[in-house]
Structures are given as C-alpha cells and as structure tokens.
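A.B. asks: Generate a structure from the sequence data that follows.
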Amino acid sequence: MATVMQKIKDIEDEMARTQKNKATAHHLGLLKAKLAKLRRELLAPSSKGAGGPGEGFDVTKSGDSRVGLVGFPSVGKSTLLNKLTGTFSEVASYEFTTLTCIPGVITYRGAKIQLLDLPGIIEGAKDGKGRGRQVISTARTCNCILIVLDAIKPITHKRLIEKELEGFGIRLNKEPPNLTFRKKDKGGINFTSTVTNTNLDLETVKAICSEYRIHNADVSLRYDATADDLIDVIEGSRVYIPCIYAVNKIDQITLEELEVLDKLPHYCPVSAHLEWNLDGLLEKIWEYLDLTRIYTKPKGMNPDYEDPVILSSKRRTVEDFCSRIHKDMLKQFKYSFKRNFERVGKNKGHNYNTLKKVKFYNILKKLNT
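C.D. replies: Numbers count the residues shown, from 1 in each chain. As a prediction, the model looks like this:
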C-alpha cells in the first residue's frame with residue numbers, strides 16, 4: 001500500500017512541475033492514465049487492513065431516492081438530519097461525533113427520500129485514510145449528494161471535498177462524456193472527431209490507450225473532450241451524481257457575505273440550528289433528484305392524489321411504471337394509450353416512451369381466458 005501511495009505522490013508531483021501546453025499534452029495524458037490506474041488499485045476492496053467494510057455502512061436502500069450528507073467533521077450534518085427527518089443523530093461540539101452512517105427518511109411531495117448522515121471525512125479519504133473509503137463508497141450509491149459546508153470556515157473546504165470524491169470516481173454535476181470508445185480486434189487506434197480539438201490529438205489518445213494495453217480501438221469525439229474524459233470512459237467505473245452545496249451556519253456571517261454565497265452555482269445557504277431556509281433546501285433537493293409523480297386512477301374511481309407512484313429520472317417508461325405497481329402487471333400488460341387514443345408499448349416508442357412527457361395514460365391488461 002505504501003508503495004502505491006508513493007507512486008501516486010511521485011506522479012502528482014511530476015504533474016505539478018509540468019507546464020500545461022500543447023507540447024506537454026501527450027506526457028500529461030500518459031501521467032493521468034497512470035494515476036487513474038494506481039488509484040483504482042489503491043481503492044480495490046481489501047480483505048485486511050483499515051478502510052474495509054464496517055458497521056453501519058451497509059445501509060439498506062429504502063424509499064424512492066437516496067441523498068447523502070457529506071462534509072468535514074462538525075459542519076452540521078447531524079443537525080440537518082435531525083431537523084429534516086426527526087431521526088436522532090448525536091450532536092456535540094467536538095469533531096467526529098458521528099462514527100457510523102445514520103439513515104433517516106423525508107416525506108416530501110408524496111415521495112419518500114432516504115437521507116444518510118455520513119461520518120465526517122478528512123483530507124486523504126480517497127487514499128484510504130480514516131474511514132473515508134467507507135464514507136465515499138456509500139456516497140456512490142446516492143442519487144444526490146449534499147455537501148455540507150461551514151459558512152465561517154474557508155470556502156477552500158469545498159474544493160478539498162470535491163477532490164476526495166473525484167479521486168473515488170464520483171463526478172459532481174457533470175454529464176457522462178459525449179464520446180464513443182469501442183475496442184476491436186485489429187486496425188490500430190482510429191481517432192475521429194466532429195469538432196475542433198484543443199485538448200486531445202491522435203498521439204495523446206494512443207499514449208493513454210497504450211497505458212491500458214489497448215492497441216486496437218475506435219475513438220469518436222462529439223465535443224472538445226479532455227484526457228480526463230477519455231480516461232473516465234476507458235475506466236468505466238465513474239458515477240455522475242447531482243450535488244448541492246449546503247452552506248450551514250449562515251447566522252454567523254454578515255449579509256454581504258451571504259449575498260456573495262447566494263450567487264454561486266448549486267449553493268443553498270441554510271442554518272440548521274435556527275431552521276433557516278430548510279424549505280428552500282428541500283425544494284432544491286427535489287429539483288436535483290428530478291423525480292416524477294404519477295397519480296393512479298382505478299377504473300370508475302377518483303384519482304388517488306395522496307399516494308403517487310414515484311419514478312426516477314432514468315426510469316420513466318410505461319414498463320417501469322407497471323413494475324412499481326406490481327411485478328405481475330407486466331405479465332398481464334397488453335398495451336396502453338394516451339388521451340388521444342394513440343397506442344403505446346411498455347418499452348417501445350419514439351416521442352411517447354417516457355411518462356414525463358404525457359399527462360394521461362390508460363393501461364389495458366390482457367383478459368384471462
């Protein structure tokens with residue numbers, strides 16, 4: 001482990017010394033690929049040593065979505081959990097009060113959202129320090145990450161936490177790279193692009209692929225991608241999660257400082273202790289989760305507006321809706337149609353395969369014969 005850590009440090013030092021320009025792009029791309037491979041080796045599950053699975057981190061996923069509270073110690077994560085869910089998580093003036101993962105549930109707009117109070121992470125968590133590996137591994141399973149920051153501490157804490165999460169393969173508020181990477185049996189590295197590239201060229205792509213022992217592949221870019229984007233696609237283990245920065249303890253800063261924070265993207269200023277702007281935080285969580293509520297109406301009865309069916313942003317087909325109601329419903333499924341009597345299959349279609357775009361559906365089941 002120490003050898004891997006030393007190799008990582010040596011590469012990071014060399015990258016810091018290297019000037020960034022076209023002449024060094026090839027060399028930096030190679031170093032980034034080596035660094036990604038070493039981090040993957042470092043973070044691979046181990047049967048012994050610190051940082052393995054621990055009590056309270058294997059939390060069963062429940063509800064319609066999951067949100068994780070991530071931050072340094074004593075920034076107010078436990079207080080937020082207590083105020084939002086009513087679940088007790090110990091609060092004290094000293095650091096590392098929370099030593100395990102405490103789950104709670106928020107019921108908001110008919111959806112049940114699981115909120116996880118994760119132990120405070122420290123700098124170097126991505127390298128296995130403390131219990132950082134367990135904390136960040138749990139954060140990878142969340143549908144949204146809530147990074148809690150202390151308003152009276154330097155805003156540089158934000159970048160430190162982002163670095164720890166990125167080192168573990170978590171990409172915050174980003175979309176997957178719009179590029180195609182396909183291995184093949186022969187033909188060498190074929191590099192094409194539909195746009196002008198300022199970051200990647202054929203030599204850099206070959207160097208990165210060579211580090212992964214890939215000598216035959218098609219790489220197609222549809223935007224000005226970077227070496228990091230290509231490495232993320234080759235690694236294939238990255239997760240892209242929406243993130244909100246909850247700046248806590250705003251009651252301890254001036255109005256001028258608050259106005260500056262309010263202009264930053266993805267930020268939500270709150271005071272957990274005084275319960276300031278908690279409604280605004282819930283509204284932002286709902287927006288970033290991008291959930292869809294479907295209200296059911298049994299034949300001959302009024303619609304049920306109290307208990308909607310909740311669908312995630314990535315699973316909104318008619319098939320997903322039927323699965324949420326009952327697994328046997330798909331077996332009896334015949335077809336569904338919209339209000340204009342246009343028929344819709346359970347998982348096929350063009351403009352009508354997602355429920356978000358349609359207000360009314362009728363679902364017909366096969367008659368038992």
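
A.B. asks: Next, the distance between the ends of stretch 308-318.
C.D. replies: End-to-end distance of stretch 308-318 (CA to CA, to the nearest Å): 15 Å.

A.B. asks: And it, what's buried?
C.D. replies: By 16 or more other CB atoms under 10 Å, the buried positions in stretch 308-318 come out as 308-311, 316-318. Yep, even glycine has a C-beta here, placed from its N, CA and C like the rest.

A.B. asks: Helices of the stretch 151-300 of the chain, start to end?
C.D. replies: 156-166, 202-211, 227-235, 255-262, 278-289 (DSSP state H, counting those that start in this stretch).

A.B. asks: what secondary structure does the closest residue to residue 72 other than its chain neighbours sit in?
C.D. replies: Distances taken as CB to CB, 6 or more residues apart in numbering place residue 120 nearest to residue 72, at 5.4 Å, with adjacent residues excluded. Secondary structure state of residue 120, per DSSP: H, G, I helix; E, B strand; the rest coil, is coil.

A.B. asks: Residue 120: neighbouring residues, count only.
C.D. replies: 24 (other CB atoms under 10 Å).

A.B. asks: Now it. Its backbone dihedrals?
C.D. replies: Note on residue 120: its backbone torsions stand at phi -60, psi 140 [degrees, to the nearest 10].

A.B. asks: for residue 66, same thing?
C.D. replies: phi -130, psi 130.

A.B. asks: To what extent is it buried, counted in neighbours?
C.D. replies: 21.

A.B. asks: what bridges to it?
C.D. replies: Counting by DSSP bridges, residue 66 forms beta bridges with residue 114.

A.B. asks: surely it meets residue 116?
C.D. replies: Yes. Assessed by CB atoms under 8 Å, residue 66 is found in contact with residue 116 at 6.8 Å.

A.B. asks: Need the overlap of contacts for these two.
C.D. replies: Common contact partners of residue 66 and residue 116 (CB atoms under 8 Å, 6 or more residues apart in numbering): residue 142.

A.B. asks: If you average pLDDT per helix and strand, which one of this protein comes out bottom?
C.D. replies: strand 361-365 (a mean of 55; mean pLDDT, DSSP states H and E).

A.B. asks: circling back to that earlier point, want to throw the buried residues of stretch 308-318 into TSV with pLDDT?
C.D. replies: Conversion of those to TSV gives the following (pLDDT from 0 to 100):
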residue	pLDDT
308	88
309	88
310	90
311	89
316	77
317	78
318	78
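
A.B. asks: of all these, which comes closest to residue 73?
C.D. replies: Nearest to residue 73 among the buried residues of stretch 308-318: residue 310, at 33.3 Å, using CB to CB.

A.B. asks: and the closest residue in space to the closest one that isn't next to it in sequence, backbone torsions?
C.D. replies: In space, and not counting its chain neighbours, residue 310 is closest to residue 64: 4.0 Å by CB to CB, 6+ apart. The phi/psi pair for residue 64 (degrees, to the nearest 10) reads phi -90, psi -20.

A.B. asks: For residue 64, give me the pLDDT.
C.D. replies: Listed pLDDT for residue 64 reads 92.

A.B. asks: Likewise for residue 82?
C.D. replies: Residue 82 is given a pLDDT of 91.

A.B. asks: now swap in residue 267 and tell me
C.D. replies: So, for residue 267, pLDDT stands at 93.

A.B. asks: Does it touch residue 247 like I think?
C.D. replies: Yes. Counting by CB under 8 Å, residue 267 touches residue 247, with 6.0 Å between them.

A.B. asks: What residue, apart from its backbone neighbours, is nearest residue 207 spatially?
C.D. replies: Nearest to residue 207 is residue 30, by CB to CB, 6+ apart, at 4.6 Å.

A.B. asks: Now for residue 113: which residues touch it?
C.D. replies: Per CB under 8 Å, 6+ apart, neighbours of residue 113: 63-67, 105-107, 285, 289.

A.B. asks: got the buried residues of stretch 308-318 as TSV, with secondary structure columns?
C.D. replies: Below are these laid out as TSV (three-state DSSP):
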residue	secondary structure
308	coil
309	strand
310	strand
311	strand
316	coil
317	coil
318	helix
